[in-house]
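# Fold the following.
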Amino acid sequence: MSGEHDVSEGSIVASILTLRWVIKRAAIGFSILFCSVAVAAWLMHAGIQPEPANAKAPSPAFAKNQAAAPTGSLPDPRR
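From the prediction side, this is the model:
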């Protein structure tokens, strides 16, 4: 009864952090990351509206004044 433990702390940590445990956790993390990125890319792709086949090219007047065209739902403060 000297108060010392039969198992040292170094061997407990070594038994928990084995190479198999690290590789398993890394594989789980990478698979979660891959699935998250794949789902986000799929949702972004699904949110893009396809352009109709009969769409015309913008007229030169529109292309010239495109910078002045309103882009939001807020009123233009310059008017």
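
# C-alpha only now, for contacts and for neighbours.
Fine.

# so where is this protein shaky, pLDDT-wise?
Residue ranges of the chain with pLDDT under 70: 1-16, 55, 57-79.

# Give me the longest helix you can find in it.
helix 19-47 (DSSP state H).

# count of residues packed around Ala41?
For Ala41, the neighbour count with other CA atoms under 10 Å is 12.

# next one: Leu17
11.

# what's the answer for the one 5 residues further on, then?
Burial of Val22, expressed as a neighbour count using other CA under 10 Å, amounts to 12.

# do you know how far it is from Ser31?
Applying CA to CA, to the nearest Å, the value for Val22 to Ser31 is 14 Å.

# and what of Trp21?
From Trp21 to Ser31 the distance is 15 Å (CA to CA).

# now do Leu43
Here Leu43 is placed at a distance of 18 Å from Ser31 (CA to CA).

# Same check on Pro50?
Pro50 is 31 Å from Ser31, by CA to CA.

# which of the two has more neighbours?
Each of Pro50 and Ser31 has its neighbours counted (other CA under 10 Å); Ser31 has more, 12 against 7.

# ok, now which ones touch the more buried one?
By CA atoms under 8 Å, 6 or more residues apart in numbering, the contact list for Ser31 is empty.

# ok, now with 10 Å
25, 37 (CA atoms under 10 Å, 6 or more residues apart in numbering).

# cool, the one 10 residues further on as well?
If a contact means CA under 10 Å, 6+ apart, then Ala41 has 35, 47 as its contacts.

# how far away is it from Pro50?
From Ala41 to Pro50 the distance is 16 Å (CA to CA).

# Could you do Gly29 as well?
34 Å.

# Likewise for Lys24?
41 Å.

# Lys56 too?
The value you get for Lys56 to Pro50, if CA to CA is used, is 14 Å.

# And Ile23, by the same measure?
Distance from Ile23 to Pro50, by CA to CA: 42 Å.

# what does Leu33 give?
Distance from Leu33 to Pro50, by CA to CA: 28 Å.

# now do Phe34
26 Å.

# now swap in Ala38 and tell me
20 Å.

# And for Trp21?
46 Å.
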